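1. no sequence on this one, just coordinates:
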C-alpha cells in the first residue's frame with residue numbers, strides 16, 4: 001500500500017526535494033505552500049515522472065486558521081496521512097530591534113505555531129492506529145543563540161525541543177517523531193533571509209542530500225538527524241556546550257555579519 005505524505009513548504013528547497021524523494025519511492029503526497037503555480041507544476045512533474053498521485057493545497061500557514069483548514073480538507077477527502085513532514089519555515093537577518101515586527105511575528109507563526117498545530121491535529125490519528133511518522137525540520141541553529149537572527153534561532157530551538165519531547169511521550173507506541181537539523185543548505189531560504197552573503201553559507205550543501213538524510217532518518221525513526229555540516233561546523237557544534245556563552249555569541253554573530 002502506498003504511503004501518503006503531507007509536506008509543507010513544498011514549492012521550493014527542502015520541501016520540493018522531500019516531495020521528489022517520497023515520489024521516487026512510490027508514495028502519494030499532499031503538497032502545501034502559498035504558490036499555486038509552483039505547486040501545480042510540481043504536481044504535474046511528480047505524477048508524470050513517477051506515476052503517483054499528488055494533491056495540492058494552496059495555503060498561507062502564517063494565517064491563524066490555516067492548519068485547521070488543511071486538516072479539515074484532508075479529512076473530508078478521506079485521505080489517511082502516514083507521514084507528516086513539517087518543512088515550511090523562513091528566517092530573517094538583522095538586529096531584532098531594527099527589524100519589522102510583522103516579519104518576525106509571521107516567522108513565529110510559521111516556524112512554531114503552524115508546525116505545532118499541524119502536529120497536534122494529525123498526531124491523535126497516528127496514535128489511534130499506532131502508526132505514523134512525523135518529520136519536523138529544525139536547524140543546527142537550535143544548538144545556540146543567534147545574534148542577527150535572534151527570532152529564527154529561537155524558533156528552531158523550540159522545534160528541536162518540542163520534537164524531542166513528544167518523541168519521548170510516544171516512545172511506548174509505534175509512532176515516531178524525527179527532528180532534522182540541517183546546516184547551511186542551498187535553498188531560497190538563504191536569499192530570503194539575506195544569509196547567502198555571509199560566511200555561514202559559504203559552503204552550503206545541496207537541498208537534495210539534506211532532504212534524503214532527513215527522509216531516511218524519519219523512516220528509521222531516529223530522534224535527531226544532523227545533515228549538511230562542514231568539518232569545521234561539526235567541530236563547532238560539538239564544542240558549543242563547553243564554550244563560554246559570550247564567546248559563542250560573538251562567534252555566531254561574526255559568522256552572520258554581512
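-> Sure thing, it's come through. Quantities reported herein were computed from a predicted structural model and do not represent experimental measurements.

2. Going by C-alpha atoms from here, please, whenever you check contacts or count neighbours.
-> Will do.

3. Tell me which stretches of the stretch 151-258 of the chain form helices.
-> Read by DSSP state H, counting those that start in this stretch, the stretch 151-258 of the chain holds these helices, from start to end of the chain: 188-193, 207-220, 231-239, 245-256.

4. Sorry, wrong one. I was asking about the stretch 1-150 of the chain.
-> 13-24, 36-50, 66-76, 101-108, 115-129, 150-169.

5. Using JSON lines, please lay out these together with distance to residue 237, mean pLDDT and mean neighbour count.
-> As requested, the helices of the stretch 1-150 of the chain are arranged in JSON lines below (distance: least, Cα to Cα, whole Å; pLDDT from 0 to 100; neighbours: other Cα atoms under 10 Å):
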{"stretch": "helix 13-24", "distance to residue 237": "22", "mean pLDDT": "98", "mean neighbour count": "23"}
{"stretch": "helix 36-50", "distance to residue 237": "35", "mean pLDDT": "98", "mean neighbour count": "16"}
{"stretch": "helix 66-76", "distance to residue 237": "33", "mean pLDDT": "98", "mean neighbour count": "15"}
{"stretch": "helix 101-108", "distance to residue 237": "24", "mean pLDDT": "98", "mean neighbour count": "16"}
{"stretch": "helix 115-129", "distance to residue 237": "25", "mean pLDDT": "98", "mean neighbour count": "17"}
{"stretch": "helix 150-169", "distance to residue 237": "14", "mean pLDDT": "98", "mean neighbour count": "19"}
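
6. Tell me which of those helices lies nearest to residue 57.
-> When the helices of the stretch 1-150 of the chain are compared for distance to residue 57 using Cα to Cα, the nearest one is helix 66-76, at 7.4 Å.

7. For that closest one, which helices and strands make contact with it?
-> The contact analysis (3 or more Cα pairs under 8 Å, 6 or more residues apart in numbering; DSSP states H and E) places helix 66-76 against helix 115-129.

8. deepest of the helices of the stretch 151-258 of the chain, which one?
-> Among those, judged by mean count of other Cα atoms under 10 Å, the one packed with the most neighbours on average is helix 207-220 (a mean of 20).

9. Run through who's touching that helix.
-> Counting by Cα atoms under 8 Å, 6 or more residues apart in numbering, helix 207-220 makes contact with 13-15, 17-18, 21, 133-135, 176-178, 180, 182, 185-187, 224-225, 227-228, all of which sit outside it.

10. Now, these that are in strands?
-> Counted as lying in strands by DSSP state E, out of the contacts of helix 207-220, are 133-135, 176-178, 180, 182, 185-186, 224-225, 227.

11. State the pair within those residues that is farthest apart.
-> 176 and 186 (27.5 Å).

12. hang on, the earlier thing: which one (most neighbours) among the ones in strands among the contacts of helix 207-220?
-> If you count neighbours using other Cα atoms under 10 Å, the busiest of the ones in strands among the contacts of helix 207-220 is residue 177, which has 32 neighbours.

13. Find the residue closest to residue 43 in space, skipping its chain neighbours.
-> Among residues not flanking residue 43 along the chain, residue 54 sits closest, at 5.6 Å (Cα to Cα, 6 or more residues apart in numbering).

14. What of residue 8?
-> Nearest residue to residue 8 in three dimensions, chain neighbours excluded: residue 32, at 4.7 Å (Cα to Cα, 6+ apart).

15. ok, the one you found - contacts?
-> So, once contact is read as Cα under 8 Å, 6+ apart, residue 32 ends up touching 6-11, 39, 56-59.

16. and it, what pLDDT?
-> Per-residue confidence at residue 32 stands at 98 (pLDDT).

17. JSON lines please, covering the helices of the stretch 1-150 of the chain and showing distance to residue 210.
-> Compiled in JSON lines, the helices of the stretch 1-150 of the chain are given as follows (distance: least, Cα to Cα, whole Å):
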{"stretch": "helix 13-24", "distance to residue 210": "8"}
{"stretch": "helix 36-50", "distance to residue 210": "19"}
{"stretch": "helix 66-76", "distance to residue 210": "25"}
{"stretch": "helix 101-108", "distance to residue 210": "22"}
{"stretch": "helix 115-129", "distance to residue 210": "19"}
{"stretch": "helix 150-169", "distance to residue 210": "17"}
